[in-house]
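Enquirer: From the sequence below, what's the structure:
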Amino acid sequence: MNETRPTAGETRDADRPALAVTLGDPCGIGPEIVLKALANEKAAAAARLIVIGDEGCMRRAARDLKLRWPFGAVLREPPASRRWEKPQLLDLGNVEDGLRPGQVSAAAGRAAGEDVEFAARMALSGAVDGIVTAPLNKESLQLAGYPDPGHTEMLARIAGVKKVAMLFWSEELSVALLTTHVSMRDALAKVTRARVLAQLELLDAEWRRFFGKRPRIGVAALNPHAGEGNRFGHEETREIIPAISAAVEKGLTVYGPVSADAVFIQARRGDFDVVLALYHDQATIPVKLLTGRRAVNVTVGLPFVRTSVDHGTAMDIAGKGVASDESMVQAIVVGATLARALRNGGGAKAARGSSGL
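Expert: This next block holds a predicted model:
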């Protein structure tokens, strides 16, 4: 397997993929963490970056927070080639005057959504190798009339794909989700044999696509003690176990269901490459407890690479200069690594139950 994991100092210029970075909600911490990440040598060395976002928001953040202006040029349309050296800023002219940090509004949601749509179209056309997204504010997005509850669903719609999965990667733990931004009641209804099998197949295919090897997948149980022989629920015997059996018959390497209070510990020690969690918080609580801001959100199943921070817009601290760019830096580095891996036919390194990136 080809190794495509150069450090910041070792990345050859010709190897640097082009990534579009979306600003996220202009009233959240997106402008701050993007500016901070662009000043990070590791992120700058990993890829050629073009930020899709408003120039006014970025200049105000740079001025107010005393951050360096990192852009080589401000563009009004995509560059003719991808051979730029310094980060570029592409301003779509879609942010209304008067928006301020911490403000929830339809105007901010509309601009953020349009930036994501534009970046996705750039990736679909081959203008960039992938996209990295700062967080959206879901309330603002809804006020703007978007039907999508978040990035994952929006990107699937734009790309015209039906099977996608949210996957959190970190050095300590990698976890994929069966369901994402739905209520607990709706999430329970979606734990079906067909959906679990389809997600296992997608996860297996995407892991092989990026890493060139079949993953060991541990499936989290839904009920306490994996239902304990139907005493605490029937989902394991009726839906999850038949799905796992069907996956194994198809040649996948799948184990479980493993009680949720044990499966993440087992994955962390290396028993599994990735865990399939059955609902949003079952995945995100252990990931965030174990990794802090080091986890990266990856959408698998798209025809292009998409990585993101593992946190929200943090409206309460927007514009205060205290937001950490750690997850954004990781998202850029991982996005670049995955983009190079696809270019090399699946050469990223996977190790010890995580992405190894």
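Enquirer: Okay, strands next: where are they in the protein?
Expert: Remark: strands of the chain, listed N- to C-terminal, are 18-22, 48-52, 73-75, 88-90, 130-133, 165-169, 175-177, 216-220, 253-258, 274-277, 296-300, 305-308; assignment by DSSP state E.
Enquirer: Out of the ones you listed, flag the one nearest residue 122.
Expert: Of all the strands of the chain, the one in closest proximity to residue 122, counting by Cβ to Cβ, is strand 18-22 (5.2 Å). C-betas here are computed from N, CA, C, even on glycine.
Enquirer: Paired strands for that closest one, with orientation please.
Expert: strand 48-52 (parallel), strand 130-133 (parallel) (DSSP bridges).
Enquirer: related to what we said a few turns ago, can you lay out the strands of the chain as a markdown table showing mean neighbour count and distance to residue 115?
Expert: Formatted as a markdown table, the entries for those read as follows, by neighbours: other Cβ atoms under 10 Å; distance: least, Cβ to Cβ, whole Å:
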| stretch | mean neighbour count | distance to residue 115 |
| --- | --- | --- |
| strand 18-22 | 29 | 5 |
| strand 48-52 | 27 | 5 |
| strand 73-75 | 15 | 14 |
| strand 88-90 | 23 | 9 |
| strand 130-133 | 28 | 9 |
| strand 165-169 | 25 | 20 |
| strand 175-177 | 25 | 24 |
| strand 216-220 | 24 | 34 |
| strand 253-258 | 20 | 38 |
| strand 274-277 | 28 | 29 |
| strand 296-300 | 25 | 16 |
| strand 305-308 | 28 | 13 |
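Enquirer: Dump these into JSON lines; add mean pLDDT and distance to residue 31 as well.
Expert: Shown next, in JSON lines, are the strands of the chain (pLDDT from 0 to 100; distance: least, Cβ to Cβ, whole Å):
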{"stretch": "strand 18-22", "mean pLDDT": "97", "distance to residue 31": "11"}
{"stretch": "strand 48-52", "mean pLDDT": "96", "distance to residue 31": "10"}
{"stretch": "strand 73-75", "mean pLDDT": "95", "distance to residue 31": "14"}
{"stretch": "strand 88-90", "mean pLDDT": "97", "distance to residue 31": "11"}
{"stretch": "strand 130-133", "mean pLDDT": "97", "distance to residue 31": "14"}
{"stretch": "strand 165-169", "mean pLDDT": "92", "distance to residue 31": "24"}
{"stretch": "strand 175-177", "mean pLDDT": "96", "distance to residue 31": "28"}
{"stretch": "strand 216-220", "mean pLDDT": "97", "distance to residue 31": "36"}
{"stretch": "strand 253-258", "mean pLDDT": "96", "distance to residue 31": "41"}
{"stretch": "strand 274-277", "mean pLDDT": "97", "distance to residue 31": "32"}
{"stretch": "strand 296-300", "mean pLDDT": "93", "distance to residue 31": "19"}
{"stretch": "strand 305-308", "mean pLDDT": "96", "distance to residue 31": "16"}
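Enquirer: between those strands, which one is nearest to residue 118?
Expert: Taking Cβ to Cβ as the measure, the strands of the chain were each checked against residue 118, and strand 48-52 came out nearest at 5.6 Å.
Enquirer: which stretches of the stretch 1-150 of the chain have low pLDDT?
Expert: Within the stretch 1-150 of the chain, the ranges that satisfy pLDDT under 70 run 1-14.
Enquirer: change it to 90
Expert: Under the criterion of pLDDT under 90, the regions of the stretch 1-150 of the chain flagged as low confidence span 1-16, 44, 79-85, 96-100, 149-150.
Enquirer: For beta bridges, what are the partners of the residue nearest to residue 206 when sequence neighbours are not counted?
Expert: Nearest in space to residue 206, with sequence neighbours left out and distances taken as Cβ to Cβ, 6 or more residues apart in numbering, is residue 300 at 3.9 Å. The residues paired with residue 300 through beta bridges, assigned by DSSP bridges, are residue 165.
Enquirer: the helices in the stretch 51-200 of the chain, which residues?
Expert: Remark: helices assigned in the stretch 51-200 of the chain by DSSP state H, counting those that start in this stretch are 55-64, 106-125, 138-143, 151-159, 184-189, 193-211.
Enquirer: and these as CSV, adding distance to residue 234 and mean neighbour count?
Expert: Listed next are these as CSV, based on distance: least, Cβ to Cβ, whole Å; neighbours: other Cβ atoms under 10 Å:
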stretch, distance to residue 234, mean neighbour count
helix 55-64, 51, 18
helix 106-125, 40, 22
helix 138-143, 33, 19
helix 151-159, 29, 21
helix 184-189, 12, 13
helix 193-211, 12, 20
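Enquirer: surely residue 109 meets residue 143?
Expert: Yes. Look at residue 109 against residue 143 with Cβ atoms under 8 Å: they come within range, at 5.3 Å.
Enquirer: Show me how this structure divides into domains.
Expert: Residue ranges of the domains in the chain are recorded as 1-162+296-357, 172-293, according to automatic domain parsing.
Enquirer: quick one: which of the strands of the chain is nearest residue 207?
Expert: Distances from residue 207 to each of these were compared using Cβ to Cβ; the minimum, 6.8 Å, belongs to strand 274-277.
Enquirer: Does the closest one pack against any helices or strands, and if so which?
Expert: strand 175-177, helix 193-211, strand 216-220, helix 260-268 (3 or more Cβ pairs under 8 Å, 6 or more residues apart in numbering; DSSP states H and E).
Enquirer: Quick check: neighbours of the first one in the sheet, parallel or antiparallel?
Expert: Paired strands of strand 175-177, with direction, are strand 165-169 (antiparallel), strand 274-277 (parallel) (DSSP bridges).
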